[in-house]
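no sequence on hand, only this structure:
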Ligand SMILES: Cc1cc2nc3c(=O)[nH]c(=O)nc-3n(C[C@H](O)[C@H](O)[C@H](O)COP(=O)(O)OP(=O)(O)OC[C@H]3O[C@@H](n4cnc5c(N)ncnc54)[C@H](O)[C@@H]3O)c2cc1C
Ligand code: SF4
Ligand code: SF4
Ligand code: FES
């Protein structure tokens, strides 16, 4: 083995796209492996970059264990959960393309939750809480809110993603918002009018876009098309027929 | 560049959107208060969301589970350090508080027989009754409920990506301090928020990040709750009591610090070995977490630590046993599913099959001490614990508060702690704001001074970086304020902190106002330093080992000695330390407790010395028995006393 070989094996070349005041700036970073066989995650690379070459690099993370859902970035243009995505030679790490970038890899997230503000109804104590929820309900509440599903969503694309100074919300929906609404429909504790309200909200967020769409993909494997989008479309038709 | 100051006015400011924060916000809003929630993380992303999702609900398993029983369980586990009024409040409210979380969408499994949520089949260690309820999707299910509670009405205002910088108080009559508001850095918009309010609920979590990467908690736990409250003049209680989990992973980096196992999952034949494979601790499954951590750290200290500064957990004897080995593996995988999942991903096959040794090292998990409050979450102070000797208008809930757990935390109690005390804090914060208008006493100067201080940092020149100093602080805290302590190390910590504080003026801070990472790192670094300093003083005052605090240079504090809590606060540029006497549990109960424990140890010793054939038979029976009772396999919540049965021993 030549020295060059050994050296190459110790490093991994990646591009980190930093961002400041509206401008992207790609930076080449050599990740130093801790041992030859190490397969670092994207978050390991970002942490080492902050420790060495880029002390002020901004990125989100929390649990390092694929639970909190805040570390999502684009790797080579596709949304990935940074703490559990292995990085390969020449990969490009960049902020998610589906949300407005604030600094470096940090995007603004709260315009998504704001679109449901005041619009999701929850039982406030009146109904009997002691009823079992279905497996589907639990599948939906396994969502970690990573926003990977915004990628290629034609409904979400209809929004302008200019960072807004105000507490503005997005007008058009996305798979996550539909999932939250469908959770209300699936909740055994919700009343019929609460369920109907949730379905109407989905329609107002642009559910018709889903009709011509091949469907959305969840970062952790929730069956969004089968358990969220299709049921909402069917239910909205029933309401419309009435 | 200067960051713009934006004025806001609310009745109640809630800091944090985890379990405690969201419960506080919802309750305060229902009481008619105007509420702003701020959090540094996205909405509901918190320790609550990443937890195992097991929650204590009194009388969920049997009718004879009285409030006194639950409260006593907490007292005994906490070495008589907990405040009786606070443990009673916990016992009184647990059902109601839990149902409020359920109303927001948390859906436990409902038993066909009792028509109510069914707790785990066995009482968790330290609980004398079955009352720990598990949930599908673990903490993420709580995350959704908390998210819903804030988003559902348009009444609660919330802002994420906001760092609380400082709490602002004014002196009222005499020495009494009164809340007038807070200064917040809104990184998303690049603004400083001057929030004028009568009540503040601090629900901003713990401090385990001062040991990063040797922790399994969220990144944001930089001790902000404690440092900011203490800078405003609040008293903190039991700050030496931090829970370390001994068997966490050391590599690869992506898994460093995450949980691998608990003493109990090392099972009957598990031992700890140093790098030369010499046994450093046996009977691991009956040991306390603190004992296991101390054994590992002592070996490291003597130069017998493994490559990554830990020790080997050897469970191969369990696996090798011809008959019981199969049961052992089932037990291991079933008891701590998420921890075993970490092991499977991080280690090679022979290791994860327990045919080889695991390299392990302790990690910080939970701060049992915190802001000194009464059972209504009001900041209190002085020898009698009076409100007007605390900060009037300051409330704390969740991991931020102290007084509920003392020297040890029972499993599954923190999620309930967040709900119970979040709701109490929200209610009392709203009530306080009804009678007290901060606008009436608005003194803009106080806010402007704080804002000026932050603005003077923007563009600060220097050759140091806060993100890098943080790494040094984390390393030093680990070495000198970590799972094993002595006077020399604690004094070193004090010295290191004062030296590091002097360096802060040479930290380079960039010029931008929006999401200024160097400013964020700086603010968090300051909080880490203040928190570590207060902990070091508390740790020196507690001059013996007790619960999560291990002193290598002092004996254990006996169960029968007079219990006291430590109180620390900032006073005149220094730290003031006092002791607060606590009430002792009846001697009769303590003796019974001791006796049971001695019996268990003897049994373990006899088993260890038996020949393999006999041992194997006994063990097979035992595993069958555990698994049979539970039908499905048990789940041990990381940090629960069940995970380390021995944790009851030294208390
Ligand atoms: C892996 C793991 C498993 C666990 N399992 C269980 C379990 O099964 N059962 C159980 O009862 N307990 C468990 N615990 C413990 C429990 O999860 C926590 O103690 C509890 O959730 C703490 O709740 P909290 O509301 O006090 O704080 P958190 O939930 O941590 O919330 C803190 C909030 O404060 C915000 N914040 C922090 N600093 C600032 C600042 N300066 N400015 C603004 N906002 C700030 C954060 O963004 C966050 O919103 C577990 C813990 C871990 C780490
Ligand atoms: S639905 Fe899936 S991809 Fe979308 S936010 Fe939830 S977990 Fe992430
Ligand atoms: S199905 Fe609907 S929600 Fe899913 S990607 Fe298509 S438009 Fe978006
Ligand atoms: S850091 Fe929590 S999901 Fe990646």
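Looks like it came in fine. Computed from a predicted structure; not experimentally measured. Ligands and ions are numbered 1, 2, ... in the order given.

what kind of secondary structure is residue B:265 in?
What DSSP: H, G, I helix; E, B strand; the rest coil gives for residue B:265 is helix.

number of residues surrounding it?
By other C-beta atoms under 10 Å in any protein chain shown, 26 other residues sit near residue B:265. C-betas here are computed from N, CA, C, even on glycine.

the one 10 residues further on now?
Counted with other C-beta under 10 Å, residues neighbouring residue B:275 total 16.

from what I see, it and residue B:308 are in contact.
No: the criterion here is C-beta atoms under 8 Å, and residue B:275 misses it with residue B:308 at 10.5 Å.

is ligand 1 contacted by the helix or strand containing residue B:102?
Residue B:102 belongs to helix B:84-103 when assigned by DSSP states H and E. No: judged by C-beta under 6 Å from any ligand atom, helix B:84-103 stays clear of ligand 1, getting no closer than 11.3 Å.

rounded mean pLDDT for that helix, please.
Helix B:84-103 comes out with an average pLDDT of 97.

show me how the chain divides into domains.
Since you didn't name a chain, this refers to chain A. Taking automatic domain parsing as the reference, chain A has its domains at A:3-107, A:110-241.

hm, I was asking about chain B
Residue ranges for the domains of chain B, per automatic domain parsing: B:11-241+B:368-449, B:247-363+B:591-650, B:457-570.

return the most buried member of the ones you listed.
For the domains of chain B, ranked by mean neighbour count under the definition mean count of other C-beta atoms under 10 Å in any protein chain shown, the leader is domain B:11-241+B:368-449 at a mean of 24.

just confirm yes or no for that one near ligand 4.
No: for domain B:11-241+B:368-449 and ligand 4, the contact criterion (C-beta under 6 Å from any ligand atom) is not met; the two come no nearer than 7.0 Å.

which stretch of helix or strand covers the residue nearest to the spatial centre of chain B?
Centroid-nearest residue in chain B: residue B:366, 2.2 Å away (criterion: C-alpha atoms, centre = their mean). Secondary structure assignment for residue B:366, by DSSP H and E: strand B:358-367.

now the element after that strand, going C-ward?
Downstream of strand B:358-367, the first helix or strand assigned by DSSP H and E is strand B:370-371.

show me what that next one is packed up against.
Under the contact definition 3 or more C-beta pairs under 8 Å, 6 or more residues apart in numbering or on different chains; DSSP states H and E, strand B:370-371 sits against helix B:224-231, strand B:236-237, strand B:394-396.

what about residue A:24, which SS state?
strand.

ok, now which ones touch the residue nearest to residue B:616 when sequence neighbours are not counted?
Closest residue to residue B:616 apart from its sequence neighbours, by C-beta to C-beta, 6 or more residues apart in numbering or on different chains: residue B:321 at 4.5 Å. By C-beta atoms under 8 Å, 6 or more residues apart in numbering or on different chains, the contact list for residue B:321 reads B:269, B:328, B:612, B:615, B:616, B:619.

phi, psi for the residue nearest to residue B:390 when sequence neighbours are not counted please.
Spatial nearest neighbour of residue B:390, chain neighbours left out: residue B:379 (3.5 Å); criterion: C-beta to C-beta, 6+ apart. Per-residue torsions, residue B:379: phi -60, psi 130 (degrees, to the nearest 10).

please apply the same query to the one 4 residues further on.
When read as degrees, to the nearest 10, the backbone of residue B:383 gives phi -70, psi -20.

am I right that it is in contact with residue B:580?
Yes: using C-beta under 8 Å, residue B:383 makes contact with residue B:580 at a distance of 7.4 Å.

quick check: the residue nearest to residue B:390 touching residue B:396?
Yes: between residue B:379 and residue B:396 there is a contact under C-beta under 8 Å: 6.7 Å.

shared neighbours of the two, which are they?
Common neighbours of residue B:379 and residue B:396 (C-beta under 8 Å, 6+ apart) are B:229, B:371, B:373.

which stretches of the stretch 551-651 of chain B form helices?
B:587-609, B:612-630 (DSSP state H, counting those that start in this stretch).

picking that back up, of all the domains of chain A, which one is nearest residue B:43?
For residue B:43, the closest of the domains of chain A is domain A:110-241, at 5.5 Å, according to C-beta to C-beta.

may I have the residues that are in contact with the closest residue to ligand 2 within chain B?
Nearest residue of chain B to ligand 2, counting by C-beta to the nearest ligand atom: residue B:140, 9.2 Å away. Residue B:140 makes contacts with A:67, A:141, A:142, A:143, A:144, B:49, B:53, as judged by C-beta under 8 Å, 6+ apart.

where does it land in three-state SS?
Applying three-state DSSP to residue B:140 yields a three-state assignment of helix.

by contact count, what packs against the helix holding residue B:102?
helix B:19-30, helix B:67-77, helix B:138-151, helix B:414-435.

ends of stretch A:80-95, what's the gap?
End-to-end distance for stretch A:80-95, by C-alpha to C-alpha, to the nearest Å: 10 Å.

quick one: is stretch B:230-248 near ligand 1?
No: using C-beta under 6 Å from any ligand atom, stretch B:230-248 stays clear of ligand 1, coming no nearer than 9.2 Å.

residues from chain B in reach of ligand 3?
Residues of chain B lying close to ligand 3 (C-beta under 6 Å from any ligand atom): none.

so where's chain B uncertain?
Counting by pLDDT under 70, chain B contains low-confidence ranges at B:593-594, B:596-598, B:600-601, B:605, B:627-651.

buried set for the helix or strand harbouring residue A:230?
Taking DSSP H and E as the criterion, residue A:230 maps to helix A:230-241. Using 16 or more other C-beta atoms under 10 Å in any protein chain shown as the test for burial, helix A:230-241 gives A:231, A:232, A:233, A:235, A:236.

quick check, nearest of those to residue B:221?
Closest to residue B:221, out of all of the buried residues of helix A:230-241 and judged by C-beta to C-beta, is residue A:232, at 38.0 Å.

now the most centrally placed residue in chain A: how far from residue B:185?
The centre of chain A sits closest to residue A:147, judged by C-alpha atoms, centre = their mean, with a distance of 1.1 Å. Distance, residue A:147 to residue B:185, using C-beta to C-beta, to the nearest Å: 24 Å.

residues touching the residue of the stretch 301-450 of chain B found nearest ligand 1, list them.
Of all residues in the stretch 301-450 of chain B, residue B:398 sits closest to ligand 1, at 2.2 Å by C-beta to the nearest ligand atom. By C-beta under 8 Å, 6+ apart, the residues touching residue B:398 are B:16, B:18, B:19, B:20, B:21, B:203, B:205, B:414, B:417, B:418, B:421, B:422.
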